[in-house]
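[1] Quick check, what structure comes out for this input:
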Amino acid sequence: MAQEFDFGDDQSHEGFQEPAFEAFMCPLTKQVMQDPVSIETGQTFEREAIVKWFKECRDNGRTPTCPLTQTELRSTEVSPSIALRNAIDEWRTRNQEKELHKACDALAAQPDDDVLRALLCISQMCHRSGAKKNLVRKQGVIPTIADLLKSSSRRVRLKSLEVLRLLVEDNDENKEELGKGDTIRTIIKFLSNEHFQERELAVSLLYELSKYEPTCERIGAVYGAILLLVGMGSSKKSENTVAVEKAENTLKNLEKYETNVKQMAENGRLQPLLTKLIQGTAEVQVAMAEYLGELTLANDVKVVVAEQVGALLVSIMKSGSLPAREATLKALREISSSNESGAKILLEAGILPPLVKDLFSVGAGHLPMRLKEVSAAILANLVASGADLRSIPLDDDKETTLLSEEVVHSLLHLISNTGPAIECKLLNVLVGLTGSPATVADVVSAVRSSGAAISLVQFVEAAHREIRVESLKLLRNVSPYMGAELADALGGHLGSLLRVVSDSDDRSGVTEEQAAAVGLLGDLPERDLNLTRQLFDLGAFRTLASKLVELRRGSIRGNRLATPFTEGAVKVLYRVTCALAQQPEEEEYVEFAREAGLAPLMVELLQQMSSGLDTVQLYSAMALENLSLQSRRLTAVPDVPPPPSLMCACFGGGGKKQAGAPGTCRVHGGFCSLRETFCLAEAGSKAVERLVACLEHADARVVEAALAALSTLLGDGAENATEGVLVLGDAEGLRPVVEVLVDNRTEALQRRAVWAVERILRVPEIAQEVAVDQSVASALVEAYRNGDARTRQTAERALRHLDRIPNFSTAFHHPKAP
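    Numbering: from 1, shown residues only. Now for the predicted structure:
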């Protein structure tokens, strides 16, 4: 049977409550007195009750009397009955202790109703008198209630949270008692509870505890507490306003401790740290700057930080003590790695001159190497932001900038005379400067004038991978401007680069160093035959062809670096085809192209339109042009003239075909294949179809390269150019070629298209069909009017095929393909 509890002072319960003495009772209220007073007759009453009695007497026109004796009183003054009040207080205390003992017994009971009733009684007691909170603590009830937070009953947990909040409110001793053990950790766990009432009551309790410094510090020490509070404080849509407000106020109390401020910053609440950094003492500023340097911030947050404290940090960096400068440099390293907005703020604050000065300074008072590394990282971040560094002077005369020759010379000198960490960051600075068209020329000029190319090349064999990668990026950026010099300087290092390319873990895919190495090789002068021979002798072409095949098949796992690696590899392989064009007698190159299946590989790589690999398609088409130009030389033409009724193996079906020997190519007149003789017209190779598809590419360079490759079937290099036209027609390529002419996207493309269309129009049947299309004639007229001399001549011949210009001469000249 559940025990009834009532903490009223005027009643007693047999068995556990001491009955009140009659003297404790007020004759007027019949209740135990709170503030007993005596009147002149010696009778004792509750102060409030007797004062009310006297007032009623006066209001009724009577002389005040004693309520018990009805004796008229000369005075209505009352005297406190201190002894009686003390006796009553002692009686109450004894009874409350007994009630608390009873409540404690009920708190340990199994029925939830008994527990809830006991909690309710304790709550009522504390509501009536704040002093009762101390009695609850002294009776050891607080730990018992805290244990109920782990109850399986939600009702019990909710009521326990409510009572605990009441007990610690305005009572530091109770806060201290509740803060013992792991109770605070248990309360914090409620913040992640699915039930919103438990979250609200828990955060309200934590708010009360956070008002007391020792427990406030313990809250911040619990792992995950600040993150949960930050989440609740920012969840205005999912939490009610009371919970959000309590969480916010709790966090404000926690801000008093630096360790809590750091945790808040780590969890996205950065303003307290920034406020302390701005308003704190020099010691606090250093501590906050250290915290800031340890954080990883989102770019938009970095901009906000730069706006609020960027100028302050730069100021400390300029004139602070060494520990302060170290802390601020690390903070600036973090916030400078944002976007152009953040860098612009720091540059406007004047960060660049002292930063460069610190890097180059030597002797007494200079920065130690570990901080020069940080300065170099900041400079690299500023350069990478794309800010206009040319307009920022480094000296009072406003003549020297970061791009001045002497400054770049100093950077190059420092790179060669420091440790790996600074070398890497300074190389990164130069990578950023050479990656911009606006500043690359200044760096190239300084590299040339200082003769630093050889020393920079040596870094490709550095012991640290990061240095090798940055040096490769730098060399690649300057290669378009000093390719010949780099090709000479790299001669002794090509083997190292190729080992990088060869040594790979197929499971991890292409590495950054591999992509950079191949990219550099691909950017070197492609018609440097000496370099091509070195690469060939080192097996570079075989290695890269094999790697491309593995990437296509998925043997090497693809990643974000697969694209730049593929682009570089295709550009390197393109060198072989250039060598074939320049040195057709080099049979080694031909044999390699055959063994590696270079032409089929390039055809396969043309299928990259959906991937956006414009460079791959461009160089694949250019390589196919060079290879196709070798087809006539490599084709084995039969000695016996072919019978007139047989068909070509390279191009089967449909259309008017010239007679050919069995198995011979109707375009080249011999035995052809894509793999062996690089014949684009081989049936089933899809070479022509894929080149035709490239004619619709958005990049005009790809279109021009594809058209140039197709033109090899139409030019004088083909045994039968008319059959080349028909091959193009069967691949549905005639209309796309004509549309390239009509679109007239670039001058070079117009020149190439005019030549191809003129060749196509040499077939009378096609010329008759095209003659009805006014757009073709208009495009040819435009080329005839505005093209260069050679284009005008070709356009004139094309217009004659369309009967737009009379043919006054019987002579007919067939120009070679450009």
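[2] Skip ahead from the lowest-mean-pLDDT helix or strand in the chain and say which helix or strand is next.
    The weakest-scoring helix or strand in the chain, judged by mean pLDDT, DSSP states H and E, is helix 82-107 (a mean of 81). Next in sequence after helix 82-107, counting helices and strands by DSSP states H and E, comes helix 112-128.
[3] which helices and strands does the helix or strand just after that next one pack with?
    Sequence order places helix 132-138 as the next helix or strand after helix 112-128, per DSSP H and E. Judged by 3 or more CB pairs under 8 Å, 6 or more residues apart in numbering; DSSP states H and E, helix 132-138 is in contact with helix 82-107, helix 112-128, helix 154-168, helix 172-178. For the C-beta atoms, the positions are set from N, CA and C on the backbone; glycine is no exception.
[4] What is the longest one packed up against?
    In terms of contacts (3+ CB pairs under 8 Å, 6+ apart), helix 82-107 is packed against strand 36-38, helix 112-128, helix 132-138, helix 141-147.
[5] again, 6 Å this time
    helix 112-128 (3 or more CB pairs under 6 Å, 6 or more residues apart in numbering; DSSP states H and E).
[6] buried stuff in the helix it packs on?
    For helix 112-128, burial by neighbour count (16 or more other CB atoms under 10 Å) applies to Asp114, Val115, Leu116, Arg117, Ala118, Leu119, Leu120, Cys121, Ile122, Met125, Cys126.
[7] I'd like to know how far the closest residue to the third one other than its chain neighbours sits from His195.
    Closest residue in space to Leu116, ignoring its immediate chain neighbours: Lys159 at 5.7 Å, by CB to CB, 6 or more residues apart in numbering. In this structure, Lys159 and His195 are separated by 14 Å, where distance is defined by CB to CB, to the nearest Å.
[8] Comparing those two, which shows the higher neighbour count?
    Remark: of Lys159 and His195, Lys159 carries more neighbours, 24 against 12, as counted by other CB atoms under 10 Å.
[9] was I right about the more buried one contacting Cys121?
    No. Counting by CB atoms under 6 Å, Lys159 stays clear of Cys121, with 11.3 Å between them.
[10] Now Leu100. Nearest residue, chain neighbours left out?
    Once flanking residues are discounted, Leu100 sits nearest to Gln139: 4.6 Å by CB to CB, 6+ apart.
[11] quick revisit: going by neighbour count, list what's buried in the least confident helix or strand of the chain.
    Buried residues in helix 82-107 (16+ other CB under 10 Å): 84-85, 88, 91-92, 95-96, 99-100, 102-104, 106-107.
[12] now it and helix 154-168, what's the angle there?
    150 degrees (axes from the mean of the first three to the mean of the last three CA atoms, to 10 degrees).
[13] picking that back up, include distance to Leu520 when you put the helices and strands packed on helix 132-138 into TSV, please.
    Shown next, in TSV, are the helices and strands packed on helix 132-138 (distance: least, CB to CB, whole Å):
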stretch	distance to Leu520
helix 82-107	77
helix 112-128	76
helix 154-168	66
helix 172-178	67
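[14] These: which one's closest to Ala681?
    Among the helices and strands packed on helix 132-138, the nearest to Ala681 by CB to CB is helix 154-168 (80.9 Å).
[15] and that closest one, what other elements does it pack with?
    helix 112-128, helix 141-147, helix 172-178, helix 196-209.
[16] Restricting to C-alpha, output the longest one in CSV.
    Below are the C-alpha coordinates for helix 112-128, written out as CSV (Å, rounded to 0.1, in the frame of the first residue of the first chain):
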residue,chain,number,x,y,z
ASP,A,112,7.0,4.4,-9.2
ASP,A,113,4.0,6.1,-7.6
ASP,A,114,5.7,5.9,-4.1
VAL,A,115,8.9,7.5,-5.6
LEU,A,116,6.9,10.2,-7.4
ARG,A,117,4.9,11.0,-4.2
ALA,A,118,8.1,11.3,-2.2
LEU,A,119,9.7,13.6,-4.8
LEU,A,120,6.6,15.7,-4.8
CYS,A,121,6.7,16.1,-1.1
ILE,A,122,10.4,17.1,-1.1
SER,A,123,9.6,19.6,-3.8
GLN,A,124,6.7,21.1,-1.8
MET,A,125,8.9,21.4,1.3
CYS,A,126,11.6,23.3,-0.7
HIS,A,127,9.1,25.6,-2.3
ARG,A,128,7.7,26.6,1.1
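[17] Could you give the separation of that helix from the chain centroid?
    Centroid separation for helix 112-128 versus its chain: 54 Å, with CA atoms, centre = their mean, to the nearest Å.
[18] same thing with stretch 408-426?
    28 Å.
[19] Between its first and last residues, how far does that stretch reach?
    Terminal residues of stretch 408-426 are spaced 11 Å apart (CA to CA, to the nearest Å).
[20] Do I have it right that Cys126 meets Lys133?
    Yes. Here Cys126 lies in contact with Lys133, judged by CB under 6 Å, at a distance of 5.3 Å.
[21] leaving aside the residues next to it on the chain, what's closest to Phe678?
    Leu627 (3.8 Å).
[22] Give the helix, strand or coil label for that neighbour.
    Under DSSP: H, G, I helix; E, B strand; the rest coil, the three-state class of Leu627 is helix.
[23] what comes into contact with the helix or strand hosting Phe54?
    Using DSSP H and E, the element containing Phe54 is helix 47-59. Identification of contacts with helix 47-59 by CB atoms under 6 Å, 6 or more residues apart in numbering yields Cys26, Leu28, Thr29, Asp35, Val37, Pro64, Pro67, Thr76.
[24] rewinding a little: where is pLDDT lowest across the buried residues of helix 112-128?
    In this model, the minimum pLDDT among those belongs to Met125 (80).
[25] Distance check, that residue against Lys102.
    Separation of Met125 from Lys102 (CB to CB): 12 Å.
[26] can you check Glu585 too?
    112 Å.
[27] try Gln43
    Here Gln43 is placed at a distance of 35 Å from Lys102 (CB to CB).
[28] got it, and Lys211?
    Separation of Lys211 from Lys102 (CB to CB): 32 Å.
[29] Ok, Thr635 next?
    In this structure, Thr635 and Lys102 are 111 Å apart, going by CB to CB.
[30] Understood, closing this out.
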